[in-house]
Structures are given as C-alpha cells and as structure tokens.
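Trainee: fold the following and give me the result.
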Amino acid sequence: MQLLYLASECAPFIKTGGLADVIGAVPKALSALGLRSRILLPAYRALDSVAAGGRQVWQHDALFGGPARLLACEAQGLELLLLDAPHLYHRDGGPYQDLGGRDYDDNAQRFAALAWVGAQVAIQGVDSWRPDLVHAHDWQASLVAAYLEQMPGAVPPCITTIHNIAFQGLFDPGLMPELGLSGALFKPDGLEFYGRLGFLKAGLVYSHAVTTVSPTYAKELMRPEFGMGLEGVLHARQAAFHGILNGIDLEAWNPADDLHLAAPYSADDLAGKVVNKEALSKRFGIVPAPDQPLFCVISRLTRQKGLDLLLNAIPALVGRGAKLVILGTGDSDLEAGFKAAARSYPEAVGCVIGYDEGLSHLMQGGADAILIPSRFEPCGLTQLYGLRYGTLPVVARTGGLADTVIDANQAALARGWATGVLHDADHFDALLEGLFRACDLYSQPERWRAMVQAAMSHPVGWQESALAYRALYRQVLGVPADGEPTTPDLANPEPKTSEQAAAPVAKTSAIPRLPKAAADDTKADKAKAAGAKSDDANSDDAKSDDATPPKAPPRTRAKRAAAPASLKSATLTPAPPRTSKLKAPKLEGPMSQAAKAKPAKAQSAKSKATKAQATEAQATKTKAATRQTREQD
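Mentor: Numbers count the residues shown, from 1 in each chain. Purely as a prediction, here's the structure:
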C-alpha cells in the first residue's frame, strides 16, 4: 500500500508540538507492516541540509508568487517530498509565525500551496510513483481534500486527522479565486464557516474518513463545549469518524539506555530512578527528599493545560511536604507566577522557563509523578513518556489522558492495574484531591512500586495504533483485511479494456461522505457556537469506532470554473535518468464574480444581519480559545 502524508511538521526536522512527533513516527511503524509512506513537507530553512541531498522530481514556475520544486530525499529513516518554494517557506521565524510571534500574513497561500501540490502528486504521481491514499494532518494540509473534490475523474481517497480542533485555519473567502478554489464549494456543508474560509473544515467535509488522536477526544468533539463550532459536521460524519491513540518512539524514550539520565534503570531494577531523583533535585536547586514525592510539569504554561489551577494549589502541595519542578514556556502571567512560587518556596519548588530536551528526559527519569491537569487534551504525549519511565501521571479525566492512564481506584489497585491518578477536569478541588491521593499513595512504598512497574509495562508504542491505521486504510480503499490495493505503474500503464473505457468514472469507498442534508444541522450548530445555550450531550449517541459503516453514495462534484493563471503551468519534471511523459493537470477553480454576487442578491437583509452577528460572536469565541491553545499537544 502506497501512502502520501501531508503535514506542516515532522520530527526531528521541524517541530512545534506533538504533530511533528506523530508524523515522524507513524510512517516507520506502518513500514514494519509493509506500507510505504512518503511525507510531503514544506522545505523550511531548517531543512536546508536535508534538501541539499534531494532529487528534483517536480517543478512549477509560479506557485502563489514564485517558482517551486519537489525534492525527493531520504533522512532519518523517512521518505520525504520537500516542497522547495523559497518565497513561501525560507523565513527566519517558525513554521507559522515570525520572530515576533505574529502569524505570517500569507499563511493561507503557504499552506494552500502545500495542499495543492499534494493533490497534483495524488493524481499524477511523481518519480514513477503514485499513492493509493492521501492522509492529511491538521488544517495546514486539510485543503487537499477540497482540491481533490473539484478535480475531474477518479482520485485517490483522502483521510484527515484532527490533532487539535482549536486550530482551524480560518481565512477571508475573498482569497478563494487566488487559491484556485471553486466558489461552488463555499457553502454551509462545504468550506464556509461563519462567513470564513475553513481549511480544516475542508478536510472534515470532503475526506472519505476523519480521525483524531484518541477515542475519548473523538467523543468530546461532538459536544459543543469541545467542538469549536464543528460538532455538527462531525456528527454528520460520525460513521466515518475514528479516534486512534497516538504513541511514542520507544527507542528515543527508553530509561534503560537514555543518555540524558544520571543513571539507567528498568522496571525490574529501579535503583537508577533514585539516583536520577537526586540529580534532578540538584539541577533545580531544591532540597532532595527521598521520602517525599517529587512532582514535575513539562508543558506549555497555558490555561488550556490547567496550570492556573496548579499554580493556586502549590501552597497546599508544599504543605504536604511534596516537591515540584516546572519546565515550560507560555502565558506571561503564568510564567511570572511559577517563578514567584519558586522564590517563595526555594527548597521545594524549582522553575525553568523555556524548553530543554535533555532536561525533559531527566525530569521523566527523576520525578516520581508528572502533573497534567488539562481542561482538554486531544491525546497528550508527556503522560506516555511518564508511563514509559515509571513517573506516574496525575492527570485530568479528559481526552487522551483518560484513554491512557488507569486510575488508582480500589478495584484497579487490587488487581495491580493502576498506572496513575485521574481527577475531574477544570475544577480546583478535584485537582487538589488528585494531588493528595498521589501523596497518600507515595507514602505506601510497596503499592507505589507496584504502580510504577505496571506503568512501565503499559503499551505506549505505535504498534497497536499502526494496526488500527492499516485497518482504516484498507476499509477506505475497499480492500479485504488481508489484501492490498493494486498500485498502477505510471511508467507503463496497462491499456483499458473497451468495457473499462466505456464505464463511468467514480470514486468508491466504504466510508460515507457528508450528506447534503447536513447543512441544516451545521447551521444549527453554528448558532450554538455563536453563543446559544444548549443542554444537549450528543456524545452518548455517537457510534463506536469499530462500527461497520454503510457503503458510500456516489460522490458529486462541484462545478468548476477557469483556473487562475498562476496555477496553470505546473508540469511534472522527473529527474534524470528517469523519464516520464506526465503533465500536471490545470487546476480549474474559483468562482466568477457573477457567481459570488448571486447568493448575495438572494440573501435577505435580516439573514445578513443574523449572519454578521453570528460571525462576530464566533470570531470572539475562537480568538479566546486560540489564546488558550497556541500549539498542538
């Protein structure tokens, strides 16, 4: 099976959050199952050394304002297709923001380019290779589903993964002509989101299946308090919506041979963890206390992570004799608050503002427990590192935290299953109760040791999740559980029979698409997201992830208009000695001015006013949410 992954980050090359770890790990896990993945990634300046060894397999004279090319290369066990477009990606700042922390003004063009090139590769292939399936990750890649939707003929199916729904990629719809998007797609059950152009929504609507990074987060996203206005779309897609847990790289995170630790250790020999605890205490300048629990925080310092609640709990925690060390950066008031706590309790609280990969490993190896009191958490990775290192997670009962940590209740303790402590999310008293429970458990050495050993034996790698992804890919492609799709040889295509030539072209999928009737549900959910109160708890009605969905209805295509001049000249240019006669299709696209004006004339003054109010309310809500959640995981 041949897979094309589209993403804006990939570890170890470029990383701002957990998305990069996933993209850098999943293809390797799938390779062990016989699936080949190639990752289409922007060639940021940080990847110059990798790109230098690449082979040109595609070129474009004018991709959103400048020349571009695709470079095929291999690095760190991954097959990369780097989109080298200096005018879009060679910048001094990060992937999304400049050095001053401001979003780039042309992010719409930068990531539309990534998606558009992904669609060309999916249709025509490169380097005598074409994918069976496209897998897009987060809003930066999700527009590929819309580009595939408006292309003629058969196209590979597409899957979109939500890593954090708080980041949706919302832009001015006036950009659609420039981006080569058909105006027919700008509708409530299409790309329109409160009058904005929604990149993530494109993936949710036009992909054959949608996934997110944990089963519990999948259920939460269909509730208004978590869905960020997209819960209606996800309800309409619930038969095609799956929660698949993230994993971690077991080689990079292994306490038995971690060079960042003061001493190695294992579940059978925990002596090294005691040595690491002392080293960690000295590193943060606090007084070592072997008989008292040492808690750690490795996180962005934001309210989404619940760290404002933890800051207020520090006096009570220190009053129990516990220690706390913090590593992270984020909201300025929380940074100041934790630094002030370290000054107030110098023997018990240590704080480092910033991020240090080596120190994060030492904290996992030396702390007794890791605190993650998030208000919501799509999956989370630090609790998985904690399990791997026997640093027991004390976490809020939400998202992937609830899916990966077994609470130390009486039943779990009696059976030796407990791997941490769970408490209710977004509640100070619940957090305090969880902290005190952890302190009580630590005062029982035999019970704590049993929990540590259970945690270290808990599966946290990618093996099980890779099997789940393979099963989903097979389902979407309509192949048997033990079968593989037939990938065409682009250099020597087989001639069609007369019956095949006469047959109509259609996409097939075992996954249903968003029905047109879902527009009314989407409008209703918009009203909720704009501020209307609701007592609905829709997650109870969600179908299970392993439900067998019905066959998909035939897909309908949006009417296409003329392509913008800047996107007409793309050609596939294979590097020597390979040869190919392939030519990239002309991207048909945007709505005409008349097409844009038509719905406006039909709209009443009352509906205009209502929509404007809803748009303003949603914009306010989205900005507030975004301030709390700047990065994935």
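Trainee: now do the strands in the stretch 351-500 of the chain.
Mentor: 369-372, 392-396, 421-423 (DSSP state E, counting those that start in this stretch).
Trainee: so which of these comes closest to residue 363?
Mentor: Closest approach to residue 363 among these is made by strand 369-372 (7.8 Å; C-beta to C-beta). From N, CA and C alone the C-beta is placed, and that goes for glycine too.
Trainee: list the helices and strands the closest one packs on?
Mentor: strand 294-298, helix 382-389, strand 392-396, helix 428-442 (3 or more C-beta pairs under 8 Å, 6 or more residues apart in numbering; DSSP states H and E).
Trainee: and the closest residue to residue 107 other than its chain neighbours, what's its pLDDT?
Mentor: Distance criterion C-beta to C-beta, 6 or more residues apart in numbering; nearest residue to residue 107, sequence neighbours excluded, is residue 96 at 6.4 Å. Note on residue 96: pLDDT of 96.
Trainee: report the contact partners of residue 73.
Mentor: 50, 51, 53, 54, 55, 80, 82 (C-beta atoms under 8 Å, 6 or more residues apart in numbering).
Trainee: which one of the residues you listed is nearest to residue 408?
Mentor: Of the contacts of residue 73, the one sitting nearest to residue 408 (C-beta to C-beta) turns out to be residue 80, at 43.1 Å.
Trainee: the closest one reaches residue 70, doesn't it?
Mentor: No: under the criterion of C-beta atoms under 8 Å, residue 80 makes no contact with residue 70, lying 9.9 Å away.
Trainee: which helix or strand in the chain has the lowest average pLDDT?
Mentor: Least confident helix or strand of the chain, by mean pLDDT, DSSP states H and E, is helix 593-602 with a mean of 32.
Trainee: dump the helices and strands packed on strand 369-372 into a markdown table; add mean neighbour count as well.
Mentor: Output for these, formatted as a markdown table (neighbours: other C-beta atoms under 10 Å):
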| stretch | mean neighbour count |
| --- | --- |
| strand 294-298 | 24 |
| helix 382-389 | 25 |
| strand 392-396 | 28 |
| helix 428-442 | 19 |
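Trainee: nearest to residue 476, of these?
Mentor: It is, among the helices and strands packed on strand 369-372 and with distance given as C-beta to C-beta, helix 382-389, at 26.8 Å.
Trainee: and that closest one, what does it pack onto?
Mentor: helix 357-366, strand 369-372, strand 392-396, helix 399-404, helix 445-456.
Trainee: tabulate those in JSON lines, adding columns for distance to residue 477 and mean pLDDT.
Mentor: Formatted as JSON lines, the helices and strands packed on helix 382-389 follow (distance: least, C-beta to C-beta, whole Å; pLDDT from 0 to 100):
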{"stretch": "helix 357-366", "distance to residue 477": "38", "mean pLDDT": "96"}
{"stretch": "strand 369-372", "distance to residue 477": "37", "mean pLDDT": "98"}
{"stretch": "strand 392-396", "distance to residue 477": "36", "mean pLDDT": "98"}
{"stretch": "helix 399-404", "distance to residue 477": "27", "mean pLDDT": "97"}
{"stretch": "helix 445-456", "distance to residue 477": "37", "mean pLDDT": "98"}
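Trainee: domain parsing for this structure?
Mentor: 2-247+464-493+520-628, 271-456 (automatic domain parsing).
Trainee: quick revisit: neighbours around the residue nearest to residue 107, how many?
Mentor: Residue 96 has 19 neighbouring residues, counting by other C-beta atoms under 10 Å.
Trainee: OK, contacts around it?
Mentor: Neighbours of residue 96 in contact, by C-beta under 8 Å, 6+ apart: 8, 16, 103, 104, 107.
Trainee: and for residue 432?
Mentor: With C-beta under 8 Å, 6+ apart, residue 432 has these contacts: 313, 316.
Trainee: likewise for residue 163?
Mentor: By C-beta under 8 Å, 6+ apart, the residues touching residue 163 are 17, 18, 19, 22, 137, 138, 212, 213, 378, 632, 633.
Trainee: name the element the fourth one belongs to?
Mentor: When secondary structure is defined using DSSP states H and E, the element that contains residue 22 is helix 18-31.
Trainee: which residue ranges form the helices in the stretch 251-400 of the chain?
Mentor: 271-284, 307-319, 332-344, 357-366, 382-389, 399-404 (DSSP state H, counting those that start in this stretch).
Trainee: which residues touch the fifth one?
Mentor: Identification of contacts with helix 382-389 by C-beta under 8 Å, 6+ apart yields 246-248, 250, 253-255, 298-299, 364-365, 369-370, 372, 391-393, 395, 400-401, 404-405, 419-420, 455-456, 458, 460.
Trainee: buried members of the residues you listed into PyMOL, please.
Mentor: Selection of buried members from the contacts of helix 382-389 for PyMOL, criterion 16 or more other C-beta atoms under 10 Å:
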select buried, resi 246+247+248+253+255+298+299+364+365+369+370+372+391+392+393+395+400+401+404+405+419+420+455+456+458+460
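Trainee: quick check on residue 82: phi, psi?
Mentor: phi -90, psi 120 (degrees, to the nearest 10).
Trainee: residue 313 contacts residue 431, correct?
Mentor: Yes: using C-beta under 8 Å, residue 313 is in contact with residue 431, at 5.9 Å.
Trainee: pull the number of nearby residues for residue 411.
Mentor: Counted with other C-beta under 10 Å, residue 411 comes out at 10.
Trainee: what's the spacing between it and residue 459?
Mentor: 21 Å (C-beta to C-beta, to the nearest Å).
Trainee: ok, residue 274 next?
Mentor: 26 Å.
Trainee: what do you get for residue 312?
Mentor: Taking C-beta to C-beta, one finds residue 312 at 35 Å from residue 459.
Trainee: closest one to residue 348 among the helices and strands packed on strand 369-372?
Mentor: Taking those one by one with C-beta to C-beta, strand 294-298 is closest: 9.6 Å.
Trainee: just to revisit the earlier point, tilt between the helix holding residue 22 and helix 382-389?
Mentor: Here helix 18-31 runs at an angle of 50 degrees relative to helix 382-389 (axes from the mean of the first three to the mean of the last three C-alpha atoms, to 10 degrees).
Trainee: got the buried residues for helix 18-31?
Mentor: Buried, per 16+ other C-beta under 10 Å, within helix 18-31: 18-30.
Trainee: ok, now stretch 65-77?
Mentor: Per 16+ other C-beta under 10 Å, stretch 65-77 contains these buried residues: 68, 69, 70, 71, 72, 73, 75.
Trainee: nearest to the spatial middle of the chain, which residue is it?
Mentor: residue 163 (2.3 Å; C-alpha atoms, centre = their mean).
Trainee: okay, and the beta partners of residue 421?
Mentor: Beta-bridge pairing for residue 421 (DSSP bridges): residue 394.
Trainee: try residue 372
Mentor: residue 395.
Trainee: which residues touch it?
Mentor: 299, 305, 306, 380, 382, 383, 393, 394, 395, 396, 401.
Trainee: mind listing the strands for the stretch 151-300 of the chain?
Mentor: Using DSSP E, counting those that start in this stretch, strands in the stretch 151-300 of the chain cover 158-162, 170-171, 192-193, 196-198, 209-212, 241-243, 294-298.
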